[in-house]
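[1] build me a structure from this.
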Amino acid sequence: MKDGWRVDVAQFGNDEKMSTGATLAQTRLANANEGAAAAKMLGVTDVIRMDFKAGDLGYVSSTEMRNQLFGLIRRVKPRILFIPDGYVSFQPDRDIRSVGMMAEEAWGYSGGGTFANELARMGFPPYGAPEVYYYAPARPYRPGEGGVDKARFVAREVSATLEQKMDAALLLSTRNRAWAVSRGFPADDASAAAFVRAYLTELAGAIGAKHGFAAG
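    Below is the predicted model of the structure:
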């Protein structure tokens, strides 16, 4: 974004279960507001929420989700896509795997004329993003993982932007409290913030150390 790119984020899950002691509706609202604030801090132009029920994406038709992503790809015409890596081993969050595999299909097929002909009739002809990156959420890649067979691993130094990324992550207070409690930490904001900061610092350092960076 600092280089002039426009960035849009598509969020499939509604985050309704990521809280401690709040109702589903309260959780959805809090996470949506906090996510919007974090995105704004990072310079994201727009956050498109699909609002599928969190934790249940494995039960949603991949065709339904894929067709929605076709529409977004053809409307926005992105130069680059970043998608969750559905090939990562032992991914505890099944939503991530479901979205990753579906997003790869959407990227692969959106540029062809075989699928979503109704979109073409609506004025959104086939378009395929020329470049795609896979990412593994919340941990470094392990040997043998990463994208599809022809994927090439790319490492990036993030020291210059790590504090900004950290500040944006700390805005996700509701999610952070739930995450900290699941790891045995107290549910107050200060403890959750300390846990998240320590986790992200260690994660960036561990990835960076593998590739000769201070933080990666």
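[2] for the protein, which spans come out with low pLDDT?
    Along the chain, segments meeting pLDDT under 70 span 1-2, 147-150.
[3] got phi/psi on the nearest residue to A32 once chain neighbours are set aside?
    In space, and not counting its chain neighbours, A32 is closest to R49: 6.9 Å by Cβ to Cβ, 6 or more residues apart in numbering. Where C-beta positions appear, they are placed from N, C-alpha and C, glycine not excepted. Here is the backbone geometry of R49 (degrees, to the nearest 10): phi -100, psi 120.
[4] can you check A10 too?
    phi -100, psi 120.
[5] how close does the residue sitting nearest the centre point of the chain get to R94?
    What sits nearest the mean C-alpha location of the chain, by Cα atoms, centre = their mean, is P84, with 6.2 Å. Using Cβ to Cβ, to the nearest Å, we find P84 at a distance of 11 Å from R94.
[6] check L69 too.
    Distance from L69 to R94, by Cβ to Cβ: 18 Å.
[7] neighbour-wise, which of these two wins?
    L69 (24 against 13; other Cβ atoms under 10 Å).
[8] helix or strand: which one has that one?
    Assigned by DSSP states H and E, L69 belongs to helix 62-76.
[9] and the next helix or strand past that helix?
    strand 80-84.
[10] now the angle from the helix or strand that that next one is followed by to strand 80-84?
    Using DSSP H and E, the helix or strand that follows strand 80-84 in sequence is helix 94-109. Here helix 94-109 runs at an angle of 150 degrees relative to strand 80-84 (axes from the mean of the first three to the mean of the last three Cα atoms, to 10 degrees).
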